[in-house]
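Engineer: generate coordinates for the sequence data below:
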Amino acid sequence: MSAPLSKDLRKRILAAKEEGASHAQIARQMRVSVSAITRLLALYRETGSDEPRPNPNGRKPALSAEQREGIRRKIDEQPDITLRELIEAFPLPVSAQALCNTIHKKLGLCRKKNDTRGGTTTSRRRGTTERVESKARRP
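Structural biologist: Got it, this is the predicted structure:
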């Protein structure tokens, strides 16, 4: 699917049509296809606007607006709630990591405690760095 026509070009096409030009004349003058002009004019008749239709493609959110609002209320009521407790409180179709991202990005709240890791705080990268440093010290 091609990109929508620019706003300027849309306005010029609509102005040319209002002046009485045919689809073929506008297509030659604006260097677009006749079908693009036909679709633009049909959309203009339907909506009364020269704005393109919204693009429905893309990844759909895993959590609905109601679920996100429920999570926000639960966190407001109980600020020290863990991700596991949130997942148990709501029938959420997401992992703990996805819920953590949602809380941080979509809800704009600080990250909460995550007891799903079992209390471990060392990361692989840190462990690898320590091993590399210890090997470098050897004669």
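Engineer: per the record, what domains does the protein have?
Structural biologist: 7-47, 65-116 (automatic domain parsing).
Engineer: report the contact partners of A21.
Structural biologist: Counting by C-beta atoms under 8 Å, 6 or more residues apart in numbering, A21 makes contact with Q29. (Each C-beta comes from the backbone N, C-alpha and C, glycine too.)
Engineer: so where's the chain uncertain?
Structural biologist: Filtered on pLDDT under 70, the chain yields the residue ranges 1, 109-139.
Engineer: what residues are up against the nearest residue to L92 once chain neighbours are set aside?
Structural biologist: Nearest residue to L92, sequence neighbours excluded (C-beta to C-beta, 6 or more residues apart in numbering): L99, at 6.4 Å. Applying C-beta under 8 Å, 6+ apart to L99 gives the contacts 71, 83, 86-87, 92.
Engineer: output those residues in TSV; the columns should cover secondary structure and neighbour count.
Structural biologist: What follows is these, written out as TSV (DSSP: H, G, I helix; E, B strand; the rest coil; neighbours: other C-beta atoms under 10 Å):
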residue	secondary structure	neighbour count
I71	helix	22
L83	helix	22
L86	helix	21
I87	helix	16
L92	coil	19
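Engineer: of those residues, closest to E19?
Structural biologist: E19 has its nearest neighbour among the contacts of L99 in I71, at 54.7 Å by C-beta to C-beta.
Engineer: kindly export the helix or strand containing R84 (C-alpha atoms) in PDB.
Structural biologist: Taking DSSP states H and E as the criterion, R84 maps to helix 83-89. Extracted in PDB, the C-alpha atoms of helix 83-89 (Å, rounded to 0.1, in the frame of the first residue of the first chain):
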ATOM      1  CA  LEU A  83       3.600  -7.800  39.200                       C
ATOM      2  CA  ARG A  84       2.600 -11.400  40.200                       C
ATOM      3  CA  GLU A  85      -0.100 -10.100  42.500                       C
ATOM      4  CA  LEU A  86      -1.400  -7.800  39.700                       C
ATOM      5  CA  ILE A  87      -1.500 -10.800  37.200                       C
ATOM      6  CA  GLU A  88      -3.400 -12.900  39.800                       C
ATOM      7  CA  ALA A  89      -5.800 -10.000  40.600                       C
END
